[in-house]
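Enquirer: Sequence and predicted structure are below.
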Amino acid sequence: MAISMHQASVPQFKKMLNNLSSILKKGAEFAADKKIDEKVLVESRLAPDMFPLAKQVQIACDQVKMGMSRLSGVEAPKHADTETTFAQLQERIAQTIAFIDSIKPEQVDGTEAKEIKFSIKEWSFEFVGEQYLFTWIVPNFYFHVTTAYNILRHNGLQIGKTDYLGG
């Protein structure tokens with residue numbers, strides 16, 4: 001039996017967003033325990049030309065919400081990308097999970113051949129649904145979740161693979 005588009009995406013996105021939420025909670029606790037202004041961590045980046053933690057979380061959420069929106073045909077919630085605290089990032093994750101929970105499996109299943117076209121700045125993209133899910137949404141989502149994890153780990157938060165993968 002083949003796995004459906006919904007089965008291959010939504011449950012894993014939810015799991016990883018919940019794991020990211022747990023990691024951010026530990027980041028907030030770490031900042032409080034060490035008396036570090038949380039803004040230092042939220043604005044931290046791995047390299048000068050990389051996005052900071054806040055943007056990594058925003059983009060991870062956007063990959064999921066825009067991806068599921070384009071596949072399902074359901075309008076995605078809009079976010080202003082103004083999160084500057086751990087609490088605001090947590091809310092962004094919660095809203096993203098609520099959005100994907102609102103999408104029924106039958107709205108995503110059967111979209112393997114659906115034409116997906118969109119632009120980001122000066123770049124235009126064209127996919128079919130299955131290609132879009134597996135070569136765009138999934139790798140971009142994991143890249144930004146992993147980078148958020150790495151930013152906090154790099155700054156001294158004691159987290160490991162089990163935090164990333166969840167228990």
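Expert: All right, it came through fine. A quick note: this is a predicted structure, and the numbers were derived from the prediction, not measured.
Enquirer: In contact with Ser21, which residues?
Expert: Gln90, Ile93, Ala94 (C-beta atoms under 8 Å, 6 or more residues apart in numbering). C-beta here means a position set from N, CA and C on the backbone, and glycine is covered the same way.
Enquirer: Ignoring the adjacent residues along the chain, who's closest to the most centrally placed residue in the chain?
Expert: Centroid-nearest residue in the chain: Ala60, 2.3 Å away (criterion: C-alpha atoms, centre = their mean). Excluding its sequence neighbours, the residue lying closest to Ala60 (C-beta to C-beta, 6 or more residues apart in numbering) is His144, at 3.9 Å.
Enquirer: Surely the one you found and Leu53 touch.
Expert: No. Assessed by C-beta atoms under 8 Å, His144 is found out of contact with Leu53, at 10.2 Å.
Enquirer: Out of those two, name the residue with the larger neighbour count.
Expert: A direct count of neighbours by other C-beta atoms under 10 Å for His144 and Leu53 places Leu53 higher, at 26 against 21.
Enquirer: The more buried one and His79: what is the separation?
Expert: Here the criterion is C-beta to C-beta, to the nearest Å. By it, Leu53 lies 16 Å from His79.
Enquirer: just to revisit the earlier point, which element is the residue nearest to the centre of the chain on?
Expert: Ala60 is part of helix 53-72, with elements assigned from DSSP states H and E.
Enquirer: And that helix, what does it pack against?
Expert: helix 10-34, helix 38-42, helix 86-101, helix 105-108, strand 115-120, helix 129-132, helix 138-154 (3 or more C-beta pairs under 8 Å, 6 or more residues apart in numbering; DSSP states H and E).
Enquirer: Between those, which one is closest to Lys65.
Expert: Taking C-beta to C-beta, helix 86-101 is the member of these nearest to Lys65, at 5.3 Å.
Enquirer: got the angle between the closest one and helix 10-34?
Expert: Counting by axes from the mean of the first three to the mean of the last three C-alpha atoms, to 10 degrees, helix 86-101 points 170 degrees away from the direction of helix 10-34.
Enquirer: Give me the angle between helix 86-101 and helix 138-154.
Expert: Using the same axes, to 10 degrees: helix 86-101 against helix 138-154 is 160 degrees.
Enquirer: Packing partners of helix 86-101?
Expert: Under the contact criterion of 3+ C-beta pairs under 8 Å, 6+ apart, helix 86-101 touches helix 10-34, helix 38-42, helix 53-72.
Enquirer: The same query, at a cut-off of 7 Å, please.
Expert: With contacts taken as 3 or more C-beta pairs under 7 Å, 6 or more residues apart in numbering; DSSP states H and E, helix 86-101 sits against helix 10-34, helix 53-72.
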